[in-house]
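> make a model of this:
(2 chains)
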Amino acid sequence: MSEDMKLMTGFSRRNFIKGAAVLAATGALVGCSSGSKELEKTDEPAVTESPDEIYSGVCRGNCAGGCFLNVHVRDGVVVRTTARDLPDTRYNRICTRGLTHSGRIYSADRLLYPMKRTGERGTGEFERISWDEAINTIAEKWQGLVDQYGTEAMAMYTGSGNYALCSGVAFGSAVSRFTSIMGSSTIPLNVDAAVGRAMGIIAGFGPYGQNNEPADFANSKTIICWGANPTISQPQVMHFILEAKEQGTKYIVIDEIFNANAAKADVFIPIKASTDGAMAFSVLNEILTQGWYDDEFVRAHTNSPFLVKESDGMFLRMSDLGVEPTEGPVNPATGQPTMIDPEVVWDEASDSAVVLAEAQAPAIEGVTEVNGIAVKTVFAIMKEQAAQYPIDRVTTITGVPAETIKELARIYHEEGPVNTYTMFGCDHYLNGHYNYWPIAALGICTGNVGKPGAATGFCELMPTNITNFMTAYPLDSAGNPPKGPGRAIVVKEVGNVVDTGTYVGQELILKGVYVTNTNPLSTMTNRNYMESWFKKLEFIVVADMCMTETATYADIVLPAAHWFEQVDAYTSFGTAPYILWQDKAIEPVGEAKPDFEIYRLLCDKMGYGEYWDIEPEEFIAAAIDSEGAKALGITFDTLKEEKSARILPGDGEFISFEGGNFLTATGRAQFYQEIVTPDYFIGQTIDESKEKKPYWEPAKYADENSEARQGSYPFHMLSEHMRTRTHTQWWECRYLDEFTPEPIVCINPEDAASLSINEGDSVKLFNDRGFVVMKAVLNAGLPKGTVSSGRSFQADEFIDGHFASLPSIEFNQVCANQAFNDVAVAIEKI
Amino acid sequence: MTRYGMAIDMARCFGCQTCAAACKIANNLPANLAYNVVHTIGGTAIDTAAGTFPNCTLDFRPVQCQHCENPVCVSVCPTGATFQDEDGIVGVDNELCIGCESCIKACPYHVRTLLATEPEYYLDVVVGEFDAPTHKTGTVEKCTFCKNLIDRGEEPACMQLCPGRARYWGDLDDPESEVSKAIVGREYEFYLESEGTKPKVYYLK
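Numbering: from 1, shown residues only, chains lettered A, B, ... in the order given. You can find the predicted model right below:
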């Protein structure tokens, strides 16, 4: 029997009629006339085909998944979601969240129509209004604020809730265009910044540096998972690791706690909180001392030979040797010629100082003076930095035994190729980026980067070159671009801006925010601070699928369409190398509207309609009209037709920085930077000695010797991802409550005993900033002195208080980051 | 003869609950009814470790009806509601089930649930496969091996995509089936083998 025949006999008469209507509606009814005859046969057992229509879908929160889904629709209802085949089926993926979209779409907490606030902010008292009233109110209020205070009086506050072009926050997404049209100020996310800072500097590839694609993991002899938990945070990567392990790859896990990931490891190396940079330095020191570094790689692919002048910490350049800089091409930004003044190295072959390109054997050590100028090589400086971390000192700092540090050094030297897999485990501390530069240096010095099986860094695959950022700058009929976005206000300063009307010494009056794709009152640090400035704002609009904790503070709440209720494209922010197409699978539930259409309504009402004379598919086409996409053969038509396209060159096993080619100005990985550029500048004093070269210092609160932990707050409080939520998303999905019914704090059994805490007791965690009350669970996987909890709950889920009230919203001197895990607390039984 | 069975690789399972969630939706299960649960083998609470830090252990065991060769639930059922198909799948006919709980008491795996009261659903819409099991008050339910799906050539919901690639399913009598191939050359154990039920879910070590 042919496949067509099989299909047709699969229908019972009744279901065939129903199925035919559905299939005809989607234009998918093939072979109907020939198959109809088969229906008359009655001698075969009736096998009933599903009447469900299947659409292409993408699960696309900020979980590193980027899962390609089949959305099953019956009678206009999403009834099931399943994993859809990717071109390389090794990347097929789905999890608890992708499987339970029905629980979000039809949640009792779904916003079905616009609402306006009737009670105090945060109480959740609202009444239904029409879309007309909502848009009129927002436009009138927004315009009033703009007229009185300027366009920056309203800030766009977006998060990471959806990495799609039309509805979300992907690079070049519609919200960037809306922000640009409105000229709004912005409140950046200020998260996950330490990895980007360190890896970006060293590898020159922002925002986070990059590992090889997961299909390459099997080529590693050793995988060192350093401060990451792929069993929970990147579950779709885990099978690549486990398959590699089955083939003989050694899997080493470095973590503060023993979890499901550590349980899969060949070797588990427990380490004290955020002391990872110290350990990396110590391993590096051992490698440098033993001469185990990859000399050829270091000379050829790092800035180790550059000479740093002792006088000013700048590189020795030809102008220092009396050679005047020459004029290069005109810089389009300044209109002036660029000045070429190349770095000088010491060429051991000619025994002279020459520009790097002319050196046959650039020295990386032993150069102390050139033409009377005192210098050191970058390599020598790094070596000095590492030498501050001898094994005996680091054993005390990290709790890692001396023999383990020596063994790690041997492994990096002898058991390669080594993949050092990092995510954000060492990031969410005030010393976060000080952990990652030494880790990256360790991988690079041992040549464990840019080769099959060898990589050092972040596992998400985020090519930024397939999106055309000009989508944010449409032209009106006169050919004029919009205002462009206003100033970005780092989140820790928003309260000050609201209070003082100034930002970095200049006037910036902030009166309102438009919040979309984020739930900052649950997800940011120092909730009491966040709530204080939210309450002071005159006007808050929140667009969301459901009544989030943040939405309860809004003046107007707008019901945003679910991801499957609109056409869209996901441009990747995950661990599979694909751009993916989202079909419109169902009509929006209730009166929900796609964000794209909400922006259109606001633009029209506020007189900017010309800038939004575009349909979603046209926007997607414009957004992927880029040289990067062209080079990969990705076009709008092929994407819409095939629903997925690979975004990395080649057919598989893409190697980042292959051949040691880094994306820095010199093409070399950097162990020293001349110019320190902070993520933010609000007039703070910067100690550059910590930033120009690899450096480490302990975490401010989490370190066991911190003032906080030695004082009133002896426990390190760790926050973890959850298997059932992406940040707070899926809080409204009741199915997943069966797996994680309530917030819990995990505590070491001996610690619990000393505090007379039993499993299930309510306990209060508190510090100077706030408190939270939740149930205690005993977990031997936690070391003494550390407690942990899932980070994805909202206020009304806690017995009392709020987990997000505990971390500080301080920033490192150069790194604008959320130190979710740099937290010390005290615990008491309630 | 077809003899359906399953293999679950304990070295691959990392407790992500995906199989449990897939089952929940595909079968349109009401609140607090699960055919498929993932046990933590460690501490008492989900996802917690046993031992003394840092010498800890933590493993996972997904458990559903084991579709035993020697199903004790069938032999104790007073009405013939619980039966075993020719393909080895143990089923419950909810027209015959009287909710006496004999099978629940007899089954060592705790995978059967009595719907003692009117089932409550989380959603106002019906989800899952169009021919998902009906959930009838006063009857006992359990994993059907997604008989509705396999009868039309599809896989059981829990099999559709395991993130750890830990699950195998198919005809144990067919040496070319995925499940048969997965078992070859591997050490395995049966859950509560001493009960004498001869389960058909192989737990690969």
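
> what residues go with each domain of chain A?
With domains defined by automatic domain parsing, chain A comprises A:3-105, A:115-191+A:467-569+A:589-621, A:211-458, A:707-829.

> do you know which of those lies nearest A:I655?
Closest to A:I655 of these is domain A:211-458 (Cβ to Cβ; 5.2 Å). No exception for glycine: its C-beta is placed from N, CA and C like everyone else's.

> helix/strand/coil for the closest residue to A:P214 other than its chain neighbours?
Spatially, and ignoring its direct neighbours in sequence, A:P214 is nearest to A:F240 (4.1 Å; Cβ to Cβ, 6 or more residues apart in numbering or on different chains). On the three-state scheme (DSSP: H, G, I helix; E, B strand; the rest coil), A:F240 is labelled helix.

> pretty sure A:F240 contacts A:A215?
Yes: if you go by Cβ atoms under 8 Å, A:F240 and A:A215 touch, sitting 6.7 Å apart.

> for those two, work out which one has more neighbours and name it.
Using other Cβ atoms under 10 Å in any protein chain shown, the more surrounded residue of A:F240 and A:A215 is A:F240, with 23 against 18.

> turn the domains of chain A into a markdown table, including mean pLDDT and distance to B:I183.
Listed next are the domains of chain A as a markdown table, based on pLDDT from 0 to 100; distance: least, Cβ to Cβ, whole Å:
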| stretch | mean pLDDT | distance to B:I183 |
| --- | --- | --- |
| domain A:3-105 | 70 | 22 |
| domain A:115-191+A:467-569+A:589-621 | 97 | 38 |
| domain A:211-458 | 96 | 16 |
| domain A:707-829 | 97 | 28 |
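
> turn the ones you listed into JSON lines, including distance to B:H135.
Output for the domains of chain A, formatted as JSON lines (distance: least, Cβ to Cβ, whole Å):
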{"stretch": "domain A:3-105", "distance to B:H135": "15"}
{"stretch": "domain A:115-191+A:467-569+A:589-621", "distance to B:H135": "24"}
{"stretch": "domain A:211-458", "distance to B:H135": "29"}
{"stretch": "domain A:707-829", "distance to B:H135": "15"}
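
> what about those, which gets the closest to A:Q684?
domain A:707-829 (5.9 Å).

> any idea what residue 57 is bridged to?
Here I'm looking at chain A. Beta-bridge partners recorded for A:G57 (DSSP bridges): A:L69.

> meant chain B actually
With DSSP bridges as the criterion, B:T57 is bridged to B:A50.

> give me every residue that touches it.
B:T57 makes contact with A:263, B:41-42, B:49-51 under the criterion Cβ atoms under 8 Å, 6 or more residues apart in numbering or on different chains.

> show the buried residues in those residues.
The neighbour count (16 or more other Cβ atoms under 10 Å in any protein chain shown) marks A:263, B:42, B:49-50 as buried among these.

> what residues does the helix or strand where A:V146 lies touch?
For A:V146, the host element (DSSP states H and E) is helix A:131-149. For helix A:131-149, contacts defined as Cβ under 8 Å, 6+ apart pick out A:113-114, A:116, A:129, A:153-154, A:182-183, A:509, A:511-512, A:538-539, A:541, A:555-556, A:558, A:591, A:593, A:601-602, A:605-606.

> ok, now which ones touch the residue nearest the centre of chain B?
Of all residues in chain B, the one closest to the mean position by Cα atoms, centre = their mean is B:Q64, 2.0 Å from it. Residues in contact with B:Q64 (Cβ under 8 Å, 6+ apart) are B:23, B:35-37, B:111, B:142-143, B:158, B:201.

> let's see that with 10 Å instead.
Residues counted as contacts of B:Q64 (Cβ atoms under 10 Å, 6 or more residues apart in numbering or on different chains) are B:6, B:8, B:19-20, B:23, B:34-38, B:109, B:111, B:142-145, B:156, B:158, B:201.

> keep only these that also lie close to chain A.
Restricting the contacts of B:Q64 to those near chain A by Cβ under 10 Å from any Cβ of the partner chain leaves B:19-20, B:23, B:34, B:37-38.

> among the residues you listed, who's most crowded?
When neighbours are counted by other Cβ under 10 Å, B:C19 leads those with 28 neighbours.

> now the helices for chain B?
B:18-26, B:72-76, B:102-106, B:147-150, B:178-183 (DSSP state H).

> could you dump those helices to a markdown table with mean pLDDT and distance to A:T158?
Listed next are these as a markdown table, based on pLDDT from 0 to 100; distance: least, Cβ to Cβ, whole Å:
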| stretch | mean pLDDT | distance to A:T158 |
| --- | --- | --- |
| helix B:18-26 | 98 | 29 |
| helix B:72-76 | 97 | 54 |
| helix B:102-106 | 97 | 51 |
| helix B:147-150 | 96 | 40 |
| helix B:178-183 | 98 | 44 |
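
> most tightly packed of those helices?
helix B:18-26 (a mean of 27; mean count of other Cβ atoms under 10 Å in any protein chain shown).

> so A:T179 belongs to a helix, correct?
Yes: per three-state DSSP, A:T179 lies within a helix segment.

> what is the burial count for it?
Residues near A:T179, counting by other Cβ under 10 Å: 25.

> list the contacts of it.
A:154-156, A:158, A:173, A:185-186, A:472, A:482-486, A:514, A:599.

> try 7 Å this time
Counting by Cβ atoms under 7 Å, 6 or more residues apart in numbering or on different chains, A:T179 makes contact with A:156, A:186, A:485.

> okay, these in CSV with secondary structure, distance to A:R197 and neighbour count next?
Compiled in CSV, the contacts of A:T179 are given as follows (DSSP: H, G, I helix; E, B strand; the rest coil; distance: Cβ to Cβ, whole Å; neighbours: other Cβ atoms under 10 Å in any protein chain shown):
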residue, secondary structure, distance to A:R197, neighbour count
A:M156, strand, 24, 21
A:T186, strand, 20, 19
A:P485, coil, 22, 20
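
> between these, which is closest to chain B?
Using Cβ to the nearest Cβ, A:M156 comes nearest to chain B of these, at 32.9 Å.

> enumerate the residues of the stretch 1-150 of chain A near chain B.
Contact residues (Cβ under 7 Å from any Cβ of the partner chain) of the stretch 1-150 of chain A with chain B: A:10, A:47-52, A:74, A:77, A:79-80, A:82-83, A:92-96, A:99-100, A:102-103, A:106.

> my read: A:I223 touches A:T420, true?
No: using Cβ atoms under 7 Å, A:I223 is not in contact with A:T420, being 8.2 Å away.

> returning to that earlier point: and the contacts of helix A:131-149, which of them are buried?
Buried subset of those (neighbour count, 16+ other Cβ under 10 Å): A:114, A:129, A:153-154, A:182-183, A:509, A:511-512, A:539, A:541, A:555-556, A:558, A:591, A:593, A:601-602, A:605-606.

> turn the helices of chain B into JSON lines, including distance to A:H721.
Shown next, in JSON lines, are these (distance: least, Cβ to Cβ, whole Å):
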{"stretch": "helix B:18-26", "distance to A:H721": "15"}
{"stretch": "helix B:72-76", "distance to A:H721": "39"}
{"stretch": "helix B:102-106", "distance to A:H721": "36"}
{"stretch": "helix B:147-150", "distance to A:H721": "31"}
{"stretch": "helix B:178-183", "distance to A:H721": "30"}
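
> out of these, which gets nearest to B:E195?
Shortest distance between B:E195 and the helices of chain B, using Cβ to Cβ, is found for helix B:72-76: 7.4 Å.

> cool, thanks, talk later.
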